[in-house]
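Engineer: Sequence and predicted model, in that order:
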Amino acid sequence: MTTHRNSAPAHTRSLPIRQLVLTLLGWSIALIIFFPILWMVLTGFKTETAAIADPSFIFSPTLESYQAVQARSGYARFALNSVAIAFGSTLLALLIAIPSAYAMAFLPTKRTKGTLLWMLSTKMLPPVGVLVPIYLIFRDVGLLDTRTGLIIIYTLMNLPIVVWMLYTFFKDMPKDILEAGRMDGASTLQEVFFLLLPLTLPGIASTGLLSVILSWNEAFWSLNLTSSKAAPLTAYIASFSSPEGLFWAKLSAASTMAIAPILILGWMTQKQMVRGLTFGAVK
Amino acid sequence: MNRTRASGRTVGGLRTLSLQAPAVTLLLLWMIVPLGMTIWFSFQRYNLLMPDMTGFAGLENYEYLLTDPALWSAMGTTLLLVGWVLVITVVGGTLLAVLFQQDFAGRGIARVLAISPFFVMPTVSALVWKNMMMHPSNGVLAWLAQSLGLPALDWFSSLPLTSIIIIVSWQWLPFALLILLTAMQSLDEDQVEAARMDGAGPLAIFFFITLPHLKRAISVVIMIEMIFLLTIFAEIFVTTSGGPGLATTNLAYLIYIQALLDFDVGMASAGGVIAIILANIVAIFLVRMVAKNLED
Amino acid sequence: MATLQLKNITKQFGDTKVIKGIDLDVNDREFVVFVGPSGCGKSTLMRMIAGLESASDGDILINGQRMNEVGPADRGLAMVFQSYALYPHMTVEGNMGFSMRLAGVPKEERRAKVLEAAKILQLEPLLDRKPKALSGGQRQRVAIGRAIVRNPSIFLFDEPLSNLDAALRVQMRIELARLHEELDATMIYVTHDQIEAMTMADKIVVLHDGVVEQVGSPMALYHHPRNRFVAGFIGSPKMNFFSVEQHSISSDGVTVRLPGGRPCTIPVAGEQLARDEALELGIRPEHLQLDENGPLSGQIKVLERLGGQTSLYVQMGELLITIMADGDVAYRVNDTVQFGFAAERAHLFDAQGVALESLSQHPLASLTRQDNRAATEPAAPGGQV
């Protein structure tokens, strides 16, 4: 485990000017980076006229764009697609990955390391490389523009990361505790349900969240494999790119709703995400 | 004492095998079937719009593709996009990581704000930039330019690739920052203090302590970004649609055009194979590094 | 009634043999300590007894029944882990009652049993706490409580005190000894600390490199170590060793020439000794006495005054000899001292490091806390009375 130290050495506290400069610099950079998001959120509360007027922070906020988005395009339907696809694929991935990660962490064989690396390498396959066959298969079996189709794709897409993350979390669990359980008479199943799962729940949760985030934001497959019925929010937002007419307030309102939940989840799990995104190479 | 074996009841790895079977089988199928089909199609004459034209094409698709200036333009665009975004995000990410590692008022919140763009879905970030930021007459950047007395810029028509690079960098800079900041936190503070006792100034500490410590994290960032950046798609799809002309058509977008707009399966597959080869060159290095990491 | 027998147990990890054929008898209600340096195989041996690790070869018998294929929970054992291995998400009560919960014991019965064990260990006020909220000593007691609740025939302790601070360790040592009396159970205890072994064991098993070096009571091991390894490992500070020349062998013992030239007859059996075989003399620091007429001399290099005692580190030729002297000795660093020892306190080792047998038994060597001690242990030199 990494120890978290307060990175402020005691003697820097005696330099208030340094402090002031750092605070100013840090905050201005953070605000510049965050500005497009902030601006989008603000624009969502403007009228369409105010949205394309000269930039201003002062305006009378209105919810009309939010109402319009739902009324005109049925935002809820796309949101529901996103939820179903993101959570469905995550649940499926966890279900398949947990036994696999358990075996790798607690019953390792000579091949375990190789298997892990191979799983990782499947993640390196660029989606455009297999777009054509997947599209044709989906067309032939009727999975185009279905939630099931995207759930399958996202499950497979995230499976290596999910296995990998669970593996590192399971490996961190003290073996003594499982052995103590075995001494106490726990069967493998009881070991998993009474000890492993409750103790690694935070890890499983953050693995799940990462999978949800990645599925929610995925745009290559959703743009190429769905059109209207099963389109999740990524694809729905893309429909605003049509050049006729500028609906910035509505685009902003829809976008704000689309990213808000994930932004919050992302803030909550940033630490664990690093582990998953870098396959444990950075902790 | 050897304690790596968790249990004395492993039956020749049979249990291990059966528990891993679902994941392994699925991934094997996921990898082999489409890959095999892509390779197969790439040697076929196969266009969905011309159902009569079928049969083995040999290297025809590759020949056509490799002599097509569009491919080389797309390759060039891909490299420029990947290269510039990498430079911007890695250099910027390292500097920002150092900055956000310092203690200042509200550091926690500032950090959270700075990493936020990474969690924004690509279609949203592309559209927000395209419209509200870079719009030639109503965008924030145009307004800023006008306020400074400069001519407003039509970003996507005069600097299309630069615009894409800016958007993609905005998304991936937070990723580099997040990873490097985490790596930074594992730097032993005693080491920094020892260096300070030895007379190292802030710059010396950065170059002799911090940067070597971040070496591994930086290479991980580079490789992971490369894999994703090689196939940037949604950002181009919703902003420029590859244009004007071929100015922002990268390899991924070119394949998309051939597959789902021209319905030329054979050609698109040949492009896919090229993309796979490119990605694998990067992947080999990444996998090797992770493997090394598994051993410590 | 619980006995344990190991018959020619071996354990191999890949190509490395970590346990190289161990035979051992543990008698009913005996407190047996496995002691040895790290890597000697003591933990592996215990884990094989527990069933957490399978034996590569040999038999494990509990109460005369072969247990090699029986799962860890069904061997009638309970184990206290070095890390305590408490279930962090369960309360103290949940931890202690977990085995019964798995076995489907009704709640009230579970609670009664947990309370009973908690009483023995003074854990009653802590039953609703989680392990996180406990001190090291309390966690230790919960781990022991979890074992007691299972009412095992044999308790296994894997270095249970190594995570405690020194003061608490002494306290827990006493508590464990008390517990052994109270529970009247067979206990097997693994440690690398010879003091724990000496203070608690009925029988010590000294392990080194996967083999048993010696089995015996603490006093037997102290007074009659079978070889140089045991002699050096048991006792603190460590025994002094130095080479001596053979002079003559008689029925009174082996006469050797000490460094400095004076002869000395050690009362050990030397009949099988080859002529001119190199010998090593071992003498414990507490058995060396400062004596103006002593046969040995050297210069004091370091002097550690502990109050009641003083450790002198004396340069004698190439060697640094440790002497435990009286607390009030007036010497200072660089003083030259003369010292000697009683011949019957000395140990003599042959060229293979095997101790020559003493001609007389130390009166305490056969002392144990229990009278039903093994008299059949062939490895123990104490067995020949």
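Structural biologist: Arrived safely.
Engineer: Low-confidence ranges, the chain, go.
Structural biologist: Unless you meant another one, I'm taking chain A. Along chain A, segments meeting pLDDT under 70 span A:1-15, A:243-246, A:280-281, A:283.
Engineer: My question was about chain C, not that one.
Structural biologist: Using pLDDT under 70, chain C drops low at C:1, C:367-385.
Engineer: Mind doing that once more with 80?
Structural biologist: C:1, C:275, C:363-385 (pLDDT under 80).
Engineer: How is it partitioned into domains?
Structural biologist: C:4-229, C:230-349 (automatic domain parsing).
Engineer: With respect to burial, which of the ones you listed scores highest?
Structural biologist: domain C:4-229 (a mean of 20; mean count of other CB atoms under 10 Å in any protein chain shown). All C-beta spots, glycine's among them, are computed from the backbone N, C-alpha and C.
Engineer: thinking again about what came up before, so which of the domains of chain C is nearest chain B?
Structural biologist: Judged by CB to the nearest CB, the one of the domains of chain C that comes nearest to chain B is domain C:4-229, at 3.5 Å.
Engineer: Off-centre distance for that closest one?
Structural biologist: 14 Å (CA atoms, centre = their mean, to the nearest Å).
Engineer: With stretch B:249-263 instead?
Structural biologist: Centre to centre, stretch against its chain (CA atoms, centre = their mean), the figure for stretch B:249-263 is 19 Å.
Engineer: rewinding a little: dump the domains of chain C to CSV, plus distance to residue B:277.
Structural biologist: Output for the domains of chain C, formatted as CSV (distance: least, CB to CB, whole Å):
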stretch, distance to residue B:277
domain C:4-229, 39
domain C:230-349, 63
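Engineer: what about residue C:119, which helix or strand?
Structural biologist: According to DSSP states H and E, residue C:119 maps onto helix C:107-120.
Engineer: and if you look at residue B:237?
Structural biologist: helix B:234-239.
Engineer: what about that helix, average pLDDT?
Structural biologist: Regarding helix B:234-239, the rounded mean pLDDT is 87.
Engineer: Can I get the helix or strand just after it as CSV, trimmed to CA atoms?
Structural biologist: Next along the chain after helix B:234-239, taking DSSP H and E as the criterion, comes helix B:251-256. What follows is helix B:251-256, C-alpha atoms only, in CSV (Å, rounded to 0.1, in the frame of the first residue of the first chain):
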residue,chain,number,x,y,z
LEU,B,251,-7.0,5.9,-40.1
ALA,B,252,-10.0,5.1,-37.9
TYR,B,253,-12.2,7.6,-39.8
LEU,B,254,-11.0,6.4,-43.2
ILE,B,255,-11.9,2.8,-42.3
TYR,B,256,-15.3,4.0,-41.1
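Engineer: rewinding a little: for residue B:107, which of the domains of chain C is the nearest?
Structural biologist: Among the domains of chain C, domain C:4-229 comes nearest to residue B:107, with 28.6 Å by CB to CB.
Engineer: Need the distance between the two termini of that closest one.
Structural biologist: Using CA to CA, to the nearest Å, the end-to-end distance of domain C:4-229 comes out at 26 Å.
Engineer: Any chance of the domains of chain C in a markdown table with distance to chain B as columns?
Structural biologist: Below are the domains of chain C laid out as a markdown table (distance: least, CB to the nearest CB, whole Å):
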| stretch | distance to chain B |
| --- | --- |
| domain C:4-229 | 3 |
| domain C:230-349 | 18 |
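Engineer: Tabulate the CA atom coordinates of stretch B:210-219 in CSV.
Structural biologist: What follows is stretch B:210-219 as a C-alpha-only set of coordinates in CSV (Å, rounded to 0.1, in the frame of the first residue of the first chain):
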residue,chain,number,x,y,z
THR,B,210,10.9,13.6,-9.5
LEU,B,211,11.4,12.9,-13.1
PRO,B,212,13.2,9.6,-12.6
HIS,B,213,10.5,8.6,-10.2
LEU,B,214,7.9,9.4,-12.8
LYS,B,215,9.7,7.6,-15.6
ARG,B,216,7.6,4.5,-15.4
ALA,B,217,4.3,6.3,-15.0
ILE,B,218,5.1,8.5,-17.9
SER,B,219,5.8,5.6,-20.2
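Engineer: which residues sit against it?
Structural biologist: With contact meaning CB atoms under 8 Å, 6 or more residues apart in numbering or on different chains, stretch B:210-219 is reached by A:278, A:281-282, B:90, B:94, B:97-98, B:179-180, B:182-184, B:186-187, B:289, B:293.
Engineer: Out of the residues you listed, give me the one that has the most neighbours.
Structural biologist: With neighbours taken as other CB atoms under 10 Å in any protein chain shown, the top of the contacts of stretch B:210-219 is residue B:180, carrying 28 neighbours.
Engineer: isn't that one right next to residue B:220, touching?
Structural biologist: No. Counting by CB atoms under 8 Å, residue B:180 sits too far from residue B:220 to count as a contact (9.6 Å).
Engineer: Stretch B:15-26 near chain C at all?
Structural biologist: No. Stretch B:15-26 does not reach chain C (CB under 8 Å from any CB of the partner chain); its nearest approach is 14.4 Å.
Engineer: mean confidence for that stretch?
Structural biologist: In the prediction, stretch B:15-26 has an average pLDDT of 82.
Engineer: which residues of the stretch 101-250 of chain C fall in helices?
Structural biologist: C:107-120, C:136-149, C:166-183, C:194-200, C:218-223, C:228-233 (DSSP state H, counting those that start in this stretch).
Engineer: Between the ones you listed, which one is closest to residue A:266.
Structural biologist: It is, among the helices of the stretch 101-250 of chain C and with distance given as CB to CB, helix C:136-149, at 36.9 Å.
Engineer: what's in contact with that closest one?
Structural biologist: Residues contacting helix C:136-149 (CB under 8 Å, 6+ apart): A:180, A:184, C:78-81, C:84-86, C:92, C:95-100, C:113-114, C:117-118, C:120-123, C:126, C:131, C:134, C:155, C:160-161, C:163-165, C:168, C:171-172, C:175-176, C:179, C:183.
Engineer: same deal with stretch C:101-112?
Structural biologist: Residues contacting stretch C:101-112 (CB under 8 Å, 6+ apart): A:184-186, A:190, A:194, C:93-94, C:97, C:100, C:113.
Engineer: Kindly export it (C-alpha atoms) in PDB.
Structural biologist: Presented in PDB, the C-alpha positions along stretch C:101-112 are these (Å, rounded to 0.1, in the frame of the first residue of the first chain):
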ATOM      1  CA  ARG C 101     -22.300 -20.000  12.400                       C
ATOM      2  CA  LEU C 102     -20.900 -22.000   9.500                       C
ATOM      3  CA  ALA C 103     -21.700 -25.200  11.300                       C
ATOM      4  CA  GLY C 104     -25.300 -24.100  11.800                       C
ATOM      5  CA  VAL C 105     -25.200 -23.800  15.600                       C
ATOM      6  CA  PRO C 106     -28.300 -21.900  16.900                       C
ATOM      7  CA  LYS C 107     -27.700 -18.300  17.900                       C
ATOM      8  CA  GLU C 108     -28.300 -18.700  21.700                       C
ATOM      9  CA  GLU C 109     -25.900 -21.600  21.900                       C
ATOM     10  CA  ARG C 110     -23.400 -19.700  19.900                       C
ATOM     11  CA  ARG C 111     -23.600 -16.700  22.200                       C
ATOM     12  CA  ALA C 112     -23.300 -18.800  25.300                       C
END
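Engineer: Restricted to helices, list the contacts of stretch C:101-112.
Structural biologist: Of these, the ones assigned to helices by DSSP state H are A:190, C:93-94, C:97, C:100, C:113.
Engineer: Enumerate every residue touching the closest residue to residue A:64 other than its chain neighbours.
Structural biologist: Of all residues not flanking residue A:64 in the chain, residue A:47 sits nearest, at 6.6 Å (CB to CB, 6 or more residues apart in numbering or on different chains). For residue A:47, the contact set (CB under 8 Å, 6+ apart) comprises A:62, A:64-65, A:249.
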